[in-house]
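**Student:** need coordinates for the below:
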Amino acid sequence: MIQEKETQRVIQPISVPKHEIKPIEIIQETEAVSLSETDRGNWILETETEDFIKALFGVSSQELREPNAAIILFKDVRDEGYIHLFEKLLLRLQREKGKTGKVKKLTLSSEDWNKEEIERWLDEGGIVFIEVVNREILDKLTKGDIADRLWAIFSKGDGTVVFHTKDDDTFSAINELVQELNWNKLGLKPEIFKILARKLPFEEKLRIIEHIYGFVPLPDLMPGSKVSWIVNTAEKQYLKALKRIMHKYEPFFPVRASDDESTKHVLAKYFIIHTLIKRLQREGKLSSRLQDVEWDKVRTIIETEPDSYPRPDVLYRPEEVYFEFETLFGESFRKITNKLDEYARAKPGAKVRIVVEPITVLLHLHEFKHQIAGIKKGKLYSNVDVKYYTFDLSTRGLVPLDEFIESLSKVLVGLNGDMP
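**Tutor:** All right, here's what the predicted structure looks like:
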């Protein structure tokens, strides 16, 4: 999937692959067939599914979602920075649980530990990341010191703390300390996870990060580029590309946004609008370079947040196609299920297009594969025409989710990193 351009030197700039995106199918009729709750609840997916976080870090997304209080011991790869990738994924999971997704970074030094400040941070849904550089820092602390610091974090029975280091001896020492604490005496029962990051070949870690950020074009990368640098660069380019699309259409097509919507929700609406306009241009219904007089026509074809029930993010009026973008913040995957339930009850036969970010697919790979397979088999939502899409920023269009999942699955199956 990754194509490399040959050069005369060892440095090989990597180009993001171009994908053949199928046109959005919005004129497909489906037979209206009711599905009882019993049938929907009893249907079981027959094929195995992958878990993105577990493939990389050995702990599943579901395991990280469940506990209210968790301690994560993270052994990073020296000179790589996998902790930055893990941080992005963990924060996203926190947002889905209704947390703020903020990070507080501490060391084990006493001056960093203000109990009231930490409690306030955790009350707001934050996560504490603690870097332990070497064993000497731990040797200066007693078990009582560690217990006091963890009590400051978990005194209200909720919170997540991540101890991370790149040193093997230090990681073993942290693990020993945490395991030997008398949690019953402290009145705490946090779940404890141990994660040893895998050192992946350059091409594989690049493929993974490309999938997270929708194949956004990246500057030329050296094979020795660190994971932390690639992640930060890809995230900046991803947001830059989405904002560029928004700024292109914003003066002519103001989007109606709800008060509780995130910035990403607004960016996604403009991405959907952009995709639909490009489709109309390909079909010759709009000129290739939109004239000012054409915007009135566009606004009669495409509408955001129309006054209807259910109320879609974007409505494509000619064929009554309802586009719903979901971040899953606050409700996790049940948000999509609840949305489809609404359409199944209120608008049988409706054409519904669920659009999500690539990172959402990665964190819910099992659920999406289950739901897509169930719909194709006629076991789920057979009275609604449902299709799923995500972003492909290499083409600045929407890619069918089953194609994206197939591409991602090949990457996960082929991982060849050194096992810890």
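
**Student:** tell me how far residue 397 lies from residue 154.
**Tutor:** Distance check for residue 397 against residue 154: by CB to CB, to the nearest Å, it reads 46 Å. Every residue, glycine included, has its C-beta placed from N, CA and C.

**Student:** ok, the two, which is more surrounded?
**Tutor:** residue 154 (25 against 19; other CB atoms under 10 Å).

**Student:** buried sites along stretch 269-279?
**Tutor:** Neighbour-count burial for stretch 269-279, counted by 16 or more other CB atoms under 10 Å, picks out 269-279.

**Student:** right, I mislabeled it, should have said stretch 236-249
**Tutor:** 237-238, 241-242, 245-246, 249.

**Student:** contacts for that stretch?
**Tutor:** 213-214, 216-218, 264, 266-268, 270-271, 273-274, 277, 391, 393, 396 (CB atoms under 8 Å, 6 or more residues apart in numbering).

**Student:** mind checking how far residue 229 is from residue 298?
**Tutor:** 40 Å.

**Student:** now swap in residue 399 and tell me
**Tutor:** 23 Å.

**Student:** okay, these two: which has more neighbours?
**Tutor:** residue 399 (23 against 19).

**Student:** looking at this, that one is in a helix?
**Tutor:** No - judged by DSSP: H, G, I helix; E, B strand; the rest coil, residue 399 forms no part of a helix; its state is strand.

**Student:** for the residue sitting nearest the centre point of the chain, phi and psi?
**Tutor:** Ranked by distance to the mean C-alpha position of the chain (CA atoms, centre = their mean), the top residue is residue 359 at 2.4 Å. Main-chain torsions, residue 359, degrees, to the nearest 10: phi -60, psi -30.

**Student:** next one: the one 10 residues further on
**Tutor:** Torsion angles at residue 369 (phi, psi; degrees, to the nearest 10) stand at phi -60, psi -40.

**Student:** and the residue nearest to the centre of the chain, how far is that from residue 213?
**Tutor:** Counting by CB to CB, the gap from residue 359 to residue 213 is 8 Å.

**Student:** do residue 279 as well
**Tutor:** Applying CB to CB, the value for residue 279 to residue 213 is 24 Å.

**Student:** assign a three-state SS to residue 70, would you?
**Tutor:** Of the three states, residue 70 takes strand under three-state DSSP.

**Student:** go on, residue 354?
**Tutor:** Relying on three-state DSSP, one would call residue 354 strand.

**Student:** circling back to that earlier point, turn the buried residues of stretch 236-249 into a markdown table, including secondary structure, pLDDT and distance to residue 305.
**Tutor:** Putting the buried residues of stretch 236-249 into a markdown table (DSSP: H, G, I helix; E, B strand; the rest coil; pLDDT from 0 to 100; distance: CB to CB, whole Å) gives the following:
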| residue | secondary structure | pLDDT | distance to residue 305 |
| --- | --- | --- | --- |
| 237 | helix | 97 | 29 |
| 238 | helix | 97 | 24 |
| 241 | helix | 97 | 24 |
| 242 | helix | 97 | 19 |
| 245 | helix | 96 | 18 |
| 246 | helix | 95 | 16 |
| 249 | helix | 93 | 15 |
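
**Student:** which ones are touching the closest residue to residue 82 other than its chain neighbours?
**Tutor:** Residue nearest to residue 82 in three dimensions, not counting chain neighbours: residue 197, with 3.9 Å by CB to CB, 6 or more residues apart in numbering. Neighbouring residues of residue 197 by CB under 8 Å, 6+ apart: 56-57, 74-77, 80, 82-83, 86, 420.

**Student:** at 6 Å instead, please
**Tutor:** Each residue near residue 197 by CB atoms under 6 Å, 6 or more residues apart in numbering is listed here: 76-77, 82.

**Student:** out of the residues you listed, which is most surrounded?
**Tutor:** residue 82 (26 neighbours).

**Student:** pretty sure it contacts residue 230?
**Tutor:** No - with contacts counted by CB atoms under 6 Å, residue 82 stays clear of residue 230, the gap being 10.9 Å.
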